[in-house]
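Peer 1: for reference, the sequence and a predicted model appear below.
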Amino acid sequence: MGFIRAYLRVSTVGQDVMRAKTEIEEFATSHNQKIAAFYFERFTGTSLNRPELNRLLEDAQDGDVILIESVDRISRLTNGDWLKLKHLIESKGVSVVALDLPTSHVAMKQTEAGDDFIHAVLKAVNGMLLDILAATARKDYDLRRKRTMEGIAKAKQSDPSKYQGRKRNRVLWASIKRLLETSHTYSQIQAITGASRMTIAAVSNELKEQKQIETHPR
């Protein structure tokens with residue numbers, strides 16, 4: 001077995017990444033293994049383009065293990081994007097071990113003579129279960145999003161004056177705006193502010209609209 005690389009993703013600032021880090025470290029210790037590197041990401045699991053995940057896969061070598069807390073930490077992708085990510089992982093010769101997927105834990109053990117067949121069977125079963133869990137994670141995300149949109153629509157219909165939606169963090173937006181105007185990249189802005197790429201994109205679009213109005217006033 002090669003290096004163990006722990007990937008910890010949170011989608012919001014409020015989520016406790018250190019709790020997950022502790023659980024992953026304890027899991028590795030229980031298997032008499034040490035984690036070689038940690039990759040921390042504050043990014044949505046619905047996007048295939050995640051800087052830290054991409055860096056992990058660039059660093060990974062044949063035989064390495066990607067250790068995650070749960071399957072939805074690595075994928076809430078559409079089926080097409082999940083297949084792309086899975087193919088990339090497999091092409092690198094890397095195994096995925098999730099704390100909530102017991103069949104994957106076999107990758108944490110050193111293969112001994114006579115164990116090859118067992119490992120091959122468990123790897124095949126594990127691949128199938130990963131597909132199922134990845135699809136389930138995406139379905140759960142889509143269902144929650146649908147219910148949220150339905151709730152918003154209902155709130156607007158019942159009393160439009162009371163529904164204001166999520167309040168904009170004016171300080172954050174102002175900071176992002178200044179960074180965009182000074183030619184900082186999305187990745188740099190994420191590192192400085194902790195904002196999601198979705199928020200940065202929203203600020204960027206607003207800036208573009210303002211410039212268009214200034215350039216072509218009615």
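Peer 2: Perfect, I can see it now.

Peer 1: all helices of the protein, in order?
Peer 2: 17-30, 51-59, 79-91, 116-158, 170-181, 186-193, 197-215 (DSSP state H).

Peer 1: buried residues in the shortest one?
Peer 2: Buried residues in helix 186-193, defined by neighbour count with 16 or more other CB atoms under 10 Å: 186, 189-190, 193. Backbone N, C-alpha and C define where each C-beta goes, glycine included.

Peer 1: from Lys154, how far off is the residue nearest the centre of the chain?
Peer 2: With distances taken as CA atoms, centre = their mean, the residue of the chain nearest its centroid is Gly45 (3.5 Å). Relative to Lys154, Gly45 is positioned 27 Å away (CB to CB, to the nearest Å).

Peer 1: now swap in Ala37 and tell me
Peer 2: From Ala37 to Lys154 the distance is 46 Å (CB to CB).

Peer 1: likewise Pro102?
Peer 2: Noted for Pro102: a distance of 40 Å to Lys154, by CB to CB.

Peer 1: contacts only, for Val10.
Peer 2: 16-17, 20, 41-42 (CB atoms under 8 Å, 6 or more residues apart in numbering).

Peer 1: again but with Ile68, I slipped
Peer 2: Counting by CB under 8 Å, 6+ apart, Ile68 touches 6-9, 24, 74, 96-99.

Peer 1: isn't Leu8 up against Phe43?
Peer 2: No: counting by CB atoms under 8 Å, Leu8 does not reach Phe43; the two are 11.1 Å apart.

Peer 1: which one's more surrounded, these two?
Peer 2: Higher neighbour count among Leu8 and Phe43: Leu8, with 22 against 18, using other CB atoms under 10 Å.

Peer 1: okay, and the beta partners of the more buried one?
Peer 2: Leu8 has these beta-bridge partners by DSSP bridges: Phe40.

Peer 1: what pLDDT does it get?
Peer 2: In this model, Leu8 is scored at 90, pLDDT.

Peer 1: same check on Ala37?
Peer 2: If you check Ala37, the pLDDT there is 95.
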